[in-house]
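Q: What follows is a predicted protein model with its sequence.
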Amino acid sequence: MSILTKASKPAARAIIATIYGEAGTGKTSLAATFAKPIFIRLEDGMLSIDADKMPDALPMVTSVADLWEQLTALIKEPHDYKTVVIDSVTRLHTMFEAYILDEEEKITHKRSKSINQALGGYGAGNNAVAQLHSKVRSAAQKLIERGINVIFIGHSETRKIEPHDMQGYAYCGLKLQDKSEKHYIDDVDLVVFLKQKAFVKDDGKLISTNDRVLVTQLSKNCAAKNRYGITEEIAFQKGINPLAKFLSQQEVTK
């Protein structure tokens, strides 16, 4: 029998997304508007959520073992949560670096001064951290296969990009080492940069407003993308998911 007889239209599935931005922009509040969420917390950012909309959260993650235990339970055990939020992958990165340094010290009885020097240097320490992020991404895939959305929250960082064939420019991405960042950018459905709106006055001063917008379209100035045909910035109001009209009700309805 030909393999072509098995061709069919792909079924709708849960989504995997990354939301990042500066502190206080509303990343956690936005993640909480997805369908019946539960939070894996590496930092305590949920106090900004209104009490009547406060989602469930697992105990604060204080070790890598805590993280694997919580992810394994959400993958294998029965529950009715529809979205798992990891807050934040930036703090997770710091924990992974400390974990690699600790493991190296257990084996060699010496502790490297930084992750760049760990495991003999030459990028080995950063590679080991990236492998742990890859393990998190693999766990996320298992949640997706179970029909559960996965939202990664991260902090932003502005870098100077110096292309060889054009003038340099500022670029905003996740506050992670490049090899680790790709696990939350490359193979996800949605990358959202949540920012404050700002404008330049006649005197050249940059003025920020209280308005927030979501950037989800490809840009050379920030890491952002989507698979839903979104081409413009989207206004964000706390407590409301502005992505609802682009995503299915299963993904954003509690």
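A: Yep, it's here.
Q: Quick one: residues contacting T108.
A: T108 makes no contacts at all, as judged by Cβ atoms under 8 Å, 6 or more residues apart in numbering. For the C-beta atoms, the positions are set from N, CA and C on the backbone; glycine is no exception.
Q: Centre of the chain to stretch 59-75, how far?
A: 17 Å (Cα atoms, centre = their mean, to the nearest Å).
Q: what does it contact?
A: Residues contacting stretch 59-75 (Cβ under 8 Å, 6+ apart): 38, 40-42, 44, 58, 81, 84, 92, 95-96, 99, 132, 136, 139, 142-143, 146, 148.
Q: now swap in stretch 117-129 and tell me
A: Residues contacting stretch 117-129 (Cβ under 8 Å, 6+ apart): 93, 96-97, 100-101, 104, 112, 114-116, 177, 179-180.
Q: so where is the stretch 101-250 of the chain shaky, pLDDT-wise?
A: 198-209, 249-250 (pLDDT under 70).
Q: switch the cut-off to 90
A: Along the stretch 101-250 of the chain, segments meeting pLDDT under 90 span 107-110, 117, 119-121, 159-171, 187, 196-212, 218-221, 236-240, 244-250.
Q: Strands of that one, start to end?
A: 149-161, 169-174, 190-200, 206-215, 225-226, 234-236 (DSSP state E, counting those that start in this stretch).
Q: which SSE is A12 in?
A: Per DSSP states H and E, A12 falls between elements, in no helix or strand.
Q: From K82, how far out is the residue lying closest to it once chain neighbours are set aside?
A: Distance criterion Cβ to Cβ, 6 or more residues apart in numbering; nearest residue to A12, sequence neighbours excluded, is S248 at 6.3 Å. Distance of S248 to K82, computed by Cβ to Cβ, to the nearest Å: 11 Å.
Q: sorry, back to before: quick one, which of the contacts of stretch 117-129 are buried?
A: H93, F96, E97, I100, L101, E104, S112, I115, Q177, S180 (16 or more other Cβ atoms under 10 Å).
Q: how many other residues sit next to D211?
A: 12 (other Cβ atoms under 10 Å).
Q: my read: it touches L194, true?
A: No - with contact defined as Cβ atoms under 8 Å, D211 does not reach L194; the gap is 11.5 Å.
Q: tell me the helices in the stretch 51-200 of the chain, going along the chain?
A: 64-76, 89-108, 124-145, 178-181 (DSSP state H, counting those that start in this stretch).
Q: neighbouring contacts of the last one?
A: If I follow you right, that is helix 178-181. Helix 178-181 is touched from outside by H93, F96, N126, N127, V129, A130, H133, G173, L174, A223, with contacts defined as Cβ under 8 Å, 6+ apart.
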